[in-house]
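Sequence and predicted model, in that order:
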Amino acid sequence: VYSAKFASFLPSSRQNKMSKSTNDHEVIEIDLIHTSADSPREEKKDDVSQIDDFSEQFDQRRNVPNIDPANFSVTVESIRRRLAIPMYKRIPNTVFGVAMGLASHSILWKTASTSSVVQRNQGEWTVLLNKFFWFAAVIVAGVVTLLYLLKWLMFRNFVRDEWKHPVRVHFFNTPHLVLLLLAIGLPNDFDPNKKTLRVIWGVAFVCQSAITQSVYTRWMFSLNSSIKAARPQFLLSTVGLFMLAVLGEQCDIESEWGLNLPGFCFGAGTMFYIMVVISIFNGLHQARNEKKSPALFMLFAPPSIAAIALDLMDDDPNTFSDGASMIVGWCLCLCLLLIKIGPSISDKPPTMGTYWAYVFPLGSLASLLIRYADSVGSMSARVLAIVYMSLATLALVLVLGREILHHILVMKGVERWEDPLVDKRYMHKSSRDLEIGRE
């Protein structure tokens, strides 16, 4: 059986030839890549041209006796078709992180517009920024949702692979997380109706409950997993519970429905957060690649939103509870620790939306510190809030610039938007399974 290993798709393998030993012990060699990284004289060809070169050589050799093309582990035709699939048809669910980052900044500037941190004569531009980021998040969320529905209709195997993946499955929380963030960050000029907010809360609560029950059952009770398998992305299934607590307090869920559902969500989110964080730190030394992952910044996103919810439960806007102040200390400690490790955006994004994991947590922490500065009223608290507002804005600008730069390189043909799940499906499975959609 032929064994084809493509160096451009499989970094761990650098084999440039494949061979077949026939019954006469004759070895037939086919060059897969005509260029080498060590040869500066020859021009490096792109992925499609490498496949075309291999296709031509394969067509010349395909009449060799005793060779059945149906037994090939990877067929050229299958790979060429998959490379031709545009990104908008196989968009990963991680892209919803872009809308989450923009929506978190709409909340940040909405909080700042009514805060004493920003001077009153400068309040107009904070309102404009709130509206700008809110509309930007709505547009991005709408476009991404439509594209993902197109992906679900045309390439359901991609969606199924994401659902079965132990990490990517948590990104299925992001659509209703975006909905919650947009409801919380809705500009004050729109005068949101509390009944409408309660409907949004109910829809998000159903989605959160269904997905959380599914993914945490697979994590904690599956025979193929362990408690140490948690990754920072698991917190996407936790942070929504605290968002529900915040929105529930804002639209008076308890007084209207007779149940303290925001308190229920806060308690469940607290227990899940403790379990996940302990598991992440226990397995961090084994997963060395996670130490500089942008997803680690998700560690202080849930407690930042939890502290806001705890402050709202206090029912006194002039005070900041001691419990919420303790959570602020934990968030600041984690943030400084992760900044010391050294976040990096110099490498190309592993998937679309990966680097936006820096934006959403910092925006949430900045919003928390603005509320803290309003309650405390001290100059030092205001300075702390301004510092983290600047840090969150800087993170947004850098991430947006890096994404735009990578997209320019993609349009020039130098880079491409990759998805490890797509490469795994189409490079490591038999062509016959790919054609009929088997697992």
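Alright, I've got the coordinates.

Might you report the residue contacts of Pro92?
Residues touching Pro92, when contacts are defined by CB atoms under 8 Å, 6 or more residues apart in numbering, comprise Glu162, Arg168, Phe171, Thr351, Met352, Gly353, Asp419, Leu421. For every residue, glycine as well, the C-beta is placed using N, CA and C.

Check it and give its pLDDT.
Pro92 is assigned a predicted lDDT (pLDDT) of 89.

For the protein, give me the ranges with low pLDDT.
For the chain, residues meeting the criterion pLDDT under 70 lie at 1-89, 119-123, 287-289, 423-439.

longest single helix anywhere in it?
Determined from DSSP state H, the single longest helix within the chain is helix 379-412.

still on that earlier bit, now, among the contacts of Pro92, which is nearest to Lys291?
When these are compared for distance to Lys291 (CB to CB), Thr351 comes out closest, at 18.6 Å.

burial of Leu149, as a residue count?
Counted with other CB atoms under 10 Å, residues neighbouring Leu149 total 11.

in what helix or strand does it lie?
Of the helices and strands defined by DSSP states H and E, Leu149 is found in helix 123-154.

Then Ala373?
Taking DSSP H and E as the criterion, the element that holds Ala373 is helix 359-376.

And for Phe264?
When elements are defined using DSSP H and E, Phe264 is found to belong to helix 261-283.

Show me what that helix is packed up against.
Taking 3 or more CB pairs under 8 Å, 6 or more residues apart in numbering; DSSP states H and E as the contact definition, the neighbouring helices and strands of helix 261-283 are helix 194-221, helix 236-250, helix 253-257, helix 301-313.

and that helix, which residues are buried?
Applying a neighbour-count criterion of 16 or more other CB atoms under 10 Å, one finds 261-266, 268-270, 272-273, 275-277, 279-280, 283 buried in helix 261-283.

again, but for stretch 202-214
For stretch 202-214, the neighbour count (16+ other CB under 10 Å) marks Ala204, Phe205, Cys207, Gln208, Ile211, Thr212 as buried.

okay if I get those residues as JSON lines plus distance to Val387?
Conversion of the buried residues of stretch 202-214 to JSON lines gives the following (distance: CB to CB, whole Å):
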{"residue": "Ala204", "distance to Val387": "32"}
{"residue": "Phe205", "distance to Val387": "35"}
{"residue": "Cys207", "distance to Val387": "35"}
{"residue": "Gln208", "distance to Val387": "32"}
{"residue": "Ile211", "distance to Val387": "35"}
{"residue": "Thr212", "distance to Val387": "34"}
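
that's a strand at Asp315, yeah?
No: when the secondary structure is assigned by DSSP: H, G, I helix; E, B strand; the rest coil, Asp315 falls in coil instead of a strand.

Give me the distance between it and Glu254.
Counting by CB to CB, to the nearest Å, the gap from Asp315 to Glu254 is 11 Å.

of those two, who's got more company?
Counted by other CB under 10 Å, Asp315 and Glu254 do not tie: Glu254 has more neighbours, with 16 against 8.

Kind regards, and thank you for your time.
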